[in-house]
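Asks: Compute the structure for the input listed below.
(one chain, ligands or ions: 2)
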Amino acid sequence: MALSKKIHDALNEQIAREFQAHFIYRAIAMDLYEKGYDGFAGWMDQHSKEEYGHAERIIHFLRENEARVTLPAVPKPQDTWPTVKGAVEAALQHEKKLTADIHGLHRLADEDGDLATVSMLDWFVSEQVEEEHVVNRLLKRIALAGDSPIGLVVIDNELKGGADAAAGSAGGE
Ligand SMILES: [Fe+2]
Ligand SMILES: [Fe+2]
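Replies: Ligands and ions are numbered 1, 2, ... in the order given. Prediction:
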């Protein structure tokens with residue numbers, strides 16, 4: 001069944017938002033790396049790759065449905081955040097926005113009786129639950145550190161250790 005124009009356009013717009021998220025996380029990673037937070041930067045970079053993967057997932061779906069993909073212009077992201085907490089809060093706000101977008105798309109596909117798109121979006125609905133959860137957990141850890149720079153360094157090391165272990169088990173560098 002061919003995708004309706006409404007769904008096709010809406011999925012193209014979602015590709016744009018996923019690439020935008022990819023850019024925002026990448027920009028946060030660069031800012032935090034610059035400030036010496038290797039662990040937080042690695043975490044944001046990893047997340048940035050996931051957002052890229054989300055865009056690719058929708059691109060693949062459109063291709064499979066013989067629907068043309070239109071790549072967007074991606075807005076320039078903010079490039080510095082005053083605090084680590086502020087940067088992670090920005091990530092959470094963006095995730096919440098993405099969740100609302102995905103839910104809107106899901107409802108649209110549902111109303112359209114487009115079961116293939118509904119099924120593809122089911123994965124995204126679950127993914128957003130996890131995405132908000134992991135960012136919320138990180139914010140809770142940051143709250144534990146309070147205003148202590150040492151506390152942030154401890155979390156940064158923790159994140160760096162997790163990323164190194166994941167790279168090791170995946171046979172990475
Ligand atoms: Fe995403
Ligand atoms: Fe995300």
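Asks: from here on, contacts and neighbour counts on C-alpha atoms
Replies: Noted.
Asks: Show the residue spans covered by the helices in the protein.
Replies: Remark: helices assigned in the chain by DSSP state H are 5-34, 38-64, 84-111, 115-145, 149-169.
Asks: Indicate which one of these is closest to P77.
Replies: helix 5-34 (5.5 Å; Cα to Cα).
Asks: Next, the buried residues of the closest one.
Replies: By 16 or more other Cα atoms under 10 Å, the buried positions in helix 5-34 come out as 7-12, 14-33.
Asks: now stretch 144-161
Replies: Residues of stretch 144-161 classed as buried: 145, 151-153, 155-157, 159-160 (neighbour count, 16+ other Cα under 10 Å).
Asks: same deal with stretch 124-144?
Replies: 124-125, 128, 131-132, 135-136, 138-139, 142.
Asks: remind me which residues of the protein are low pLDDT?
Replies: Counting by pLDDT under 70, the ranges of the chain that qualify are 163, 165-167, 169-173.
Asks: dump the residue contacts of the most centrally placed residue in the chain.
Replies: By Cα atoms, centre = their mean, the chain has its centre lying nearest to E51, at 4.1 Å. Residues in contact with E51 (Cα atoms under 8 Å, 6 or more residues apart in numbering) are 18-19, 21-22.
Asks: and what of Y52?
Replies: 18-19, 22.
Asks: could you measure it against V84, distance?
Replies: 23 Å (Cα to Cα, to the nearest Å).
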